[in-house]
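Trainee: curious how this folds, go ahead:
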Amino acid sequence: MSFNAKARRGLNLIADHVGNFLLDKRVRKELDARNSTAPARYEAALYFADDPSSAYQIRQWFGPMLKLSERHPVAVLVHKATTAAAILGDCPLPVYLTSGIDEVERFVSANGTRVVFYVNNNQANFTVLRLTNPVHIHLSHGESDKVSMASNQLKAYDFAFIAGEASRQRILANVPRLDPQKLVEIGRPQLDGAAAQGAQNNHGGRVTVLYAPTWEGDRDAMAYGSVVSHGLPLVRSLLADSRYRLIFRPHPRTGVRLRAHGDAVKQIDSLIASAVENSPDAGHYRDHSLDFNSAMAEADICICDVSAMAMDWLPHRKPLLITKPTEPAAVVDPKGITSVVPLLAAVEAERTPSVLDDLRSRPISEKQLDLIRYHFGETDAGASTRRFLWAVDRAMQEPSL
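Mentor: Sure, this is the predicted structure:
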């Protein structure tokens, strides 16, 4: 590396450091003002160490945590100033920037915090887990058949709140020596807030299809994303068929690891923009909303990958089509959702409307309906939220030092 290149790199590092310092200072000032009327003490904390691209993981817990705060005050602790800035506009709970374990420890000690929640297995979580007084609870950020859903890391937490029996069986089958009593079934509280009705405008009688591919994953075993393998021919075929209306909702992390996936999303966005220009009344759109429930409520059919989106669709009791992964190393549970729900191979993507015609001509199978209870338990309105609150109350009864 030449001297000039080294100098430029050094200057860039200094600029980044100064920028981060100024952002940290600005965000802390905004948070102080925002939290001026916050509770005196927080019995619970939702800890999140990731960057803004993963903020969807914590956002989906804002609703249940807001409900919990009615009986146990809850604060959101974030590790990065960029993430704090990203969620300030939509987080209904007090947010605190805790950039290091010292700040987390001071917060927990000052508030007598009794429980700390985690929505993923970020490495920074395991630094916070050294604190012995709070009860540490893993929540995850969705129920799915992805291989990541059964991790040895779950042993580190006092409890793992899981959706239902499917999750219990998956974890116990793949994580040896895990205490089964750590697993507490709560259903999926996020679905309690789902919109009951779809859009009132039927867009000329078109059938609304939600295409919600997951991201490319962090390794081949997690390569479930279909936006490269299926996306373009699938979208082209639907946009060309006047019977269908498309809602496109890609995973927020799409393209973070593999540029081809991000490029495919841009190409699909362009296709949708052109279709809207040519036929404004068709109602096609790219869904940028923070909450997935509205798009789900609007849709008549869902096409998605092996992901939490597939599971969250099940309680809607409407047709579901799952893309078949093209990566040979992608781990697919032979007894999971793909053994029940119809699959769309990449070679079939260009004839998606015909596949959907066939799917719509048949009733939802009893096996698909059985998956609802297997994965979520009771799904009556409010049932999961009640189970979540009850589980937290029980966890808070655990003795501390």
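Trainee: in contact with the closest residue to Thr83 other than its chain neighbours, which residues?
Mentor: Among residues not flanking Thr83 along the chain, Pro52 sits closest, at 5.2 Å (C-beta to C-beta, 6 or more residues apart in numbering). Placement of C-beta: from N, CA and C, glycine included. Contacts for Pro52 (C-beta atoms under 8 Å, 6 or more residues apart in numbering) come out as 80, 82-83, 85-87.
Trainee: ok, Pro52 to His141 distance?
Mentor: From Pro52 across to His141, the span is 15 Å (C-beta to C-beta, to the nearest Å).
Trainee: how about the strands of the stretch 251-400 of the chain, start to end?
Mentor: Counting by DSSP state E, counting those that start in this stretch, the segments of the stretch 251-400 of the chain that form strands are 285-286, 301-304, 320-323, 343-344.
Trainee: mind giving me the packing neighbours of the first one?
Mentor: In terms of contact count using 3 or more C-beta pairs under 8 Å, 6 or more residues apart in numbering; DSSP states H and E, strand 285-286 is assigned the packing partners strand 244-248, helix 259-278.
Trainee: using PDB, list the CA coordinates for the last one.
Mentor: Output for helix 259-278, consisting of C-alpha atoms alone and laid out as PDB, is shown next (Å, rounded to 0.1, in the frame of the first residue of the first chain):
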ATOM      1  CA  ARG A 259     -24.800  -8.300  -3.800                       C
ATOM      2  CA  ALA A 260     -26.800 -10.400  -6.300                       C
ATOM      3  CA  HIS A 261     -29.700 -10.600  -4.000                       C
ATOM      4  CA  GLY A 262     -29.800  -6.800  -3.500                       C
ATOM      5  CA  ASP A 263     -29.500  -6.300  -7.300                       C
ATOM      6  CA  ALA A 264     -32.500  -8.700  -7.800                       C
ATOM      7  CA  VAL A 265     -34.600  -6.600  -5.500                       C
ATOM      8  CA  LYS A 266     -33.800  -3.500  -7.400                       C
ATOM      9  CA  GLN A 267     -34.700  -5.200 -10.700                       C
ATOM     10  CA  ILE A 268     -38.000  -6.300  -9.200                       C
ATOM     11  CA  ASP A 269     -38.700  -2.800  -7.900                       C
ATOM     12  CA  SER A 270     -38.100  -1.500 -11.400                       C
ATOM     13  CA  LEU A 271     -40.500  -4.100 -12.900                       C
ATOM     14  CA  ILE A 272     -43.200  -3.000 -10.400                       C
ATOM     15  CA  ALA A 273     -42.600   0.700 -11.100                       C
ATOM     16  CA  SER A 274     -43.100   0.100 -14.800                       C
ATOM     17  CA  ALA A 275     -46.200  -2.000 -14.200                       C
ATOM     18  CA  VAL A 276     -47.700   0.700 -12.100                       C
ATOM     19  CA  GLU A 277     -47.000   3.300 -14.700                       C
ATOM     20  CA  ASN A 278     -48.700   1.200 -17.400                       C
END
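Trainee: name the surrounding residues that touch it.
Mentor: With C-beta under 8 Å, 6+ apart, helix 259-278 has contacts from 215-216, 225, 227-228, 231-232, 235-236, 239, 246, 248, 250, 254-256, 282, 284-286.
Trainee: mark which of those residues are buried, thanks.
Mentor: 215-216, 225, 227-228, 231-232, 235-236, 239, 246, 248, 250, 254-256, 282, 284-285 (16 or more other C-beta atoms under 10 Å).
Trainee: buried residues in stretch 251-261, which are they?
Mentor: Buried, per 16+ other C-beta under 10 Å, within stretch 251-261: 251-256, 258, 261.
Trainee: between the strands of the stretch 251-400 of the chain, which one is nearest to Asp192?
Mentor: Smallest distance to Asp192 across those (C-beta to C-beta): 19.1 Å, for strand 301-304.
Trainee: and the contacts of that closest one?
Mentor: 207-214, 234, 296, 309-310, 313, 316, 318-323, 344, 352, 356, 359-360.
Trainee: what does stretch 350-366 give?
Mentor: Stretch 350-366 is touched from outside by 207, 209, 233-234, 236-238, 241, 243-244, 301, 303, 317-319, 321, 340, 342, 344, 348, with contacts defined as C-beta under 8 Å, 6+ apart.
Trainee: likewise for stretch 148-155?
Mentor: 121, 138, 140, 143, 160, 167, 170-171, 173-175, 177-179, 182, 222.
Trainee: by mean pLDDT, flag the weakest helix or strand of this structure.
Mentor: The weakest-scoring helix or strand in the chain, judged by mean pLDDT, DSSP states H and E, is helix 3-34 (a mean of 66).
Trainee: and the very next helix or strand once past that one, what's its mean pLDDT?
Mentor: Using DSSP states H and E, the helix or strand that follows helix 3-34 in sequence is strand 44-48. On average, the pLDDT along strand 44-48 is 98.
Trainee: any chance of the strands of the stretch 251-400 of the chain in a markdown table, plus mean pLDDT and distance to Arg59?
Mentor: A markdown table is the format used below for the strands of the stretch 251-400 of the chain (pLDDT from 0 to 100; distance: least, C-beta to C-beta, whole Å):
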| stretch | mean pLDDT | distance to Arg59 |
| --- | --- | --- |
| strand 285-286 | 97 | 18 |
| strand 301-304 | 98 | 19 |
| strand 320-323 | 98 | 24 |
| strand 343-344 | 98 | 29 |
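Trainee: and those as JSON lines, adding distance to Glu277?
Mentor: Formatted as JSON lines, the strands of the stretch 251-400 of the chain follow (distance: least, C-beta to C-beta, whole Å):
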{"stretch": "strand 285-286", "distance to Glu277": "13"}
{"stretch": "strand 301-304", "distance to Glu277": "24"}
{"stretch": "strand 320-323", "distance to Glu277": "28"}
{"stretch": "strand 343-344", "distance to Glu277": "28"}
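Trainee: which one, of these, ends up nearest to Met65?
Mentor: It's strand 301-304; of the strands of the stretch 251-400 of the chain, that one is closest to Met65 (C-beta to C-beta) at 25.8 Å.
Trainee: with just CA atoms, put the closest one into PDB.
Mentor: Extracted in PDB, the C-alpha atoms of strand 301-304 (Å, rounded to 0.1, in the frame of the first residue of the first chain):
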ATOM      1  CA  ILE A 301     -52.200 -15.800  -1.300                       C
ATOM      2  CA  CYS A 302     -48.700 -15.800   0.000                       C
ATOM      3  CA  ILE A 303     -45.600 -16.900  -1.800                       C
ATOM      4  CA  CYS A 304     -42.500 -17.100   0.500                       C
END
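Trainee: nothing else from me, thank you.
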